[in-house]
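Student: attaching a predicted model along with its sequence, questions to come.
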Amino acid sequence: GDQVKQSPSALSLQEGTNSALRCNFSIATTTVQWFLQNPRGSLMNLFYLVPGTKENGRLKSTFNSKESYSTLHIRDAQLEDSGTYFCAALMPNYNVLYFGSGTKLTVEP
Amino acid sequence: EAAVTQSPRNKVAVTGGKVTLSCNQTNNHNNMYWYRQDTGHGLRLIHYSYGAGSTEKGDIPDGYKASRPSQENFSLILELATPSQTSVYFCASGDRNNQAPLFGEGTRLSVL
């Protein structure tokens, strides 16, 4: 459904540049997760967030529950960052994750 | 090592045939999930389970059944496969708070 909306749907970056991906939520959620699906199709956990900010290397994510959005910042993009990024919101009463439609990121030399 | 294993990894089925996708987890997680992924839709929830004997409908359950005979195993069953069910299917397992769920490698299903 439209519970989780991601933008942009596709993004092309030059190596070494920075960018941000965004998710907006229309469901009440207390936790957000970000995943990266690599070109082989495997899904990798990047962040699990309650309201606040987490950082891991060149990636930083923020979840603002009051305004119902989350962002994923990529700093100094590298070729290996290419793939599709998904955010997902946890529906608390049912303990299930609802996914956005993804942002396909291509990092070019 | 924690793992979610799906089988088969690839499957070609005929329209009207029965297809069973299997998922096994060694994480002792209570929750298990089946999603399908299609271009432009991200991952959509088909069925999920809170434990052995439990199955719940997700967003798109029509045409699918699920079975959770044990803590470790969760199957997705297509009794009468249709071409619209051609997709990539992911199984996942998670703890009660669904923190960092683990995903299988996916099953690519083609229904001809």
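Tutor: Cool, the structure landed.

Student: okay, and for the chain, where does confidence drop off?
Tutor: In the absence of a named chain, this looks at chain A. A:1, A:93-94 (pLDDT under 70).

Student: oops, I was thinking of chain B
Tutor: Residues of chain B that meet the criterion pLDDT under 70 lie in B:1-2, B:96-99.

Student: change it to 90
Tutor: B:1-2, B:39-42, B:94-102 (pLDDT under 90).

Student: who in it is up against chain A?
Tutor: B:31, B:33, B:35, B:40-45, B:48, B:50, B:56, B:58-59, B:88, B:90, B:94, B:96-103, B:105-106 (C-beta under 8 Å from any C-beta of the partner chain). C-beta: built from backbone N, CA, C; applies to glycine.

Student: go again with 6 Å.
Tutor: When proximity is defined as C-beta under 6 Å from any C-beta of the partner chain, chain B approaches chain A at B:41-43, B:45, B:48, B:98-100, B:103, B:106.

Student: take those and lay them out in TSV including neighbour count.
Tutor: Shown next, in TSV, are the residues of chain B next to chain A (neighbours: other C-beta atoms under 10 Å in any protein chain shown):
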residue	neighbour count
B:41	14
B:42	20
B:43	26
B:45	23
B:48	25
B:98	24
B:99	13
B:100	14
B:103	21
B:106	22
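
Student: now residue A:58. Nearest residue, chain neighbours left out?
Tutor: Spatially, and ignoring its direct neighbours in sequence, residue A:58 is nearest to residue A:75 (4.5 Å; C-beta to C-beta, 6 or more residues apart in numbering or on different chains).

Student: no no, residue B:83
Tutor: Here the residue nearest residue B:83, using C-beta to C-beta, 6+ apart, is residue B:111, at 5.0 Å.

Student: give the contact list for that neighbour.
Tutor: Residue B:111 makes contacts with B:13, B:15, B:81, B:83, B:85-86, as judged by C-beta atoms under 6 Å, 6 or more residues apart in numbering or on different chains.

Student: can you list the strands that the longest strand belonging to chain A pairs with?
Tutor: Longest strand in chain A by number of residues, with DSSP state E as the criterion: strand A:83-91. According to DSSP bridges, strand A:83-91 has the following sheet partners: strand A:32-37 (antiparallel), strand A:96-99 (antiparallel), strand A:103-108 (antiparallel).

Student: and the last one, what's buried?
Tutor: The neighbour-count criterion (16 or more other C-beta atoms under 10 Å in any protein chain shown) identifies A:103, A:105, A:107 as the buried residues of strand A:103-108.

Student: thanks again, I'm all set now.
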